[in-house]
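Undergrad: predicted structure and sequence below. I'll ask about it afterward.
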Amino acid sequence: MSDASDRSQKLPPGMVIGPDGKPCKICTAFRNWKPKTSTASMAAIAAGRLQSDQEPDTRPAYCPPDVEQLGRATWTFLHTTAAYYPERPTPNQRANMLNLLHSLPILYPCSHCASHLGEVMKTNPPDVSGQFALSRWLCERHNEVNERLGKKLFDCSKTDERWKDGPPD
Ligand code: FAD
């Protein structure tokens, strides 16, 4: 058996290997790094206060982000930026938006997230023609990730409500 397959057999579920062949910190959810049951949680479970599948995320606020925290922050930035993008952007605004989006597959720290996005952008190039089109494009890309992760799909007709206007009174 090769070293790589030997190592992958020992990996805890959810642990992601980076391009360097080592466990990738920024590609892995924090809950998949830590031992499934901490001493504190075991005590809470024993005392009947907690189910074993309901462990709290006890990560201190000063910890570096994991793939989920980074994802939430990035989607917040991207959807909000799209929501405030002009309906009639100047050529300069379009070019800058394209630069921002095309930089993600190169610079996004979670390497497998970045390469998925890069592949998807080859068949679905960003539509920076205006606010509506850009928000829709981004919603669809986010839904592709949601689908891959087994999450509920978002209703793309609600992007303005979610990211700019808020719910109706
Ligand atoms: P998130 O998916 O982060 O969503 C945040 C909020 O956005 C939601 O609460 C909801 O209100 C809203 N929302 C949800 N879907 C949409 C939508 N379609 N349009 C508009 N608003 C929406 N994680 C992985 O494990 N593997 C990956 O390959 C991966 N690829 C990613 C690629 C990119 C470019 C980014 C930015 C993130 C990626 N992530 C990936 C992270 C993942 O998408 C989530 O951010 C993370 O799992 C946290 O999910 P969440 O359920 O808290 O909500």
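TA: Arrived safely.
Undergrad: Trp163 reaches Cys139, doesn't it?
TA: No. The pair Trp163 / Cys139 is not scored as a contact, 9.4 Å apart, by CB atoms under 8 Å. (C-beta placed from N, C-alpha, C; glycine too.)
Undergrad: between those two, which contacts overlap?
TA: Shared contacts of Trp163 and Cys139 (CB atoms under 8 Å, 6 or more residues apart in numbering): His79.
Undergrad: tally up the residues packed near the residue of the chain at minimum distance from the ligand, please.
TA: Closest to the ligand within the chain is Gly71: 2.2 Å, counting by CB to the nearest ligand atom. If you count neighbours by other CB atoms under 10 Å, Gly71 ends up with 18.
Undergrad: a helix runs through it, doesn't it?
TA: Yes. Secondary structure of Gly71 (DSSP: H, G, I helix; E, B strand; the rest coil): part of a helix.
Undergrad: from Tyr84, how far out is it?
TA: Look at Gly71 and Tyr84: by CB to CB, to the nearest Å, they are 21 Å apart.
Undergrad: middle-most residue in the protein, spatially?
TA: Centroid-nearest residue in the chain, with CA atoms, centre = their mean: Gly71, separated by 2.8 Å.
Undergrad: show the contacting residues for that residue.
TA: Counting by CB under 8 Å, 6+ apart, Gly71 touches Cys110, Cys113, Val145.
Undergrad: and the helices in this structure?
TA: Secondary structure of the chain by DSSP state H: the helices cover 3-10, 39-46, 67-83, 91-107, 111-123, 131-148, 159-160.
Undergrad: would TSV of these with mean pLDDT be doable?
TA: Shown next, in TSV, are those (pLDDT from 0 to 100):
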stretch	mean pLDDT
helix 3-10	52
helix 39-46	52
helix 67-83	97
helix 91-107	98
helix 111-123	97
helix 131-148	98
helix 159-160	98
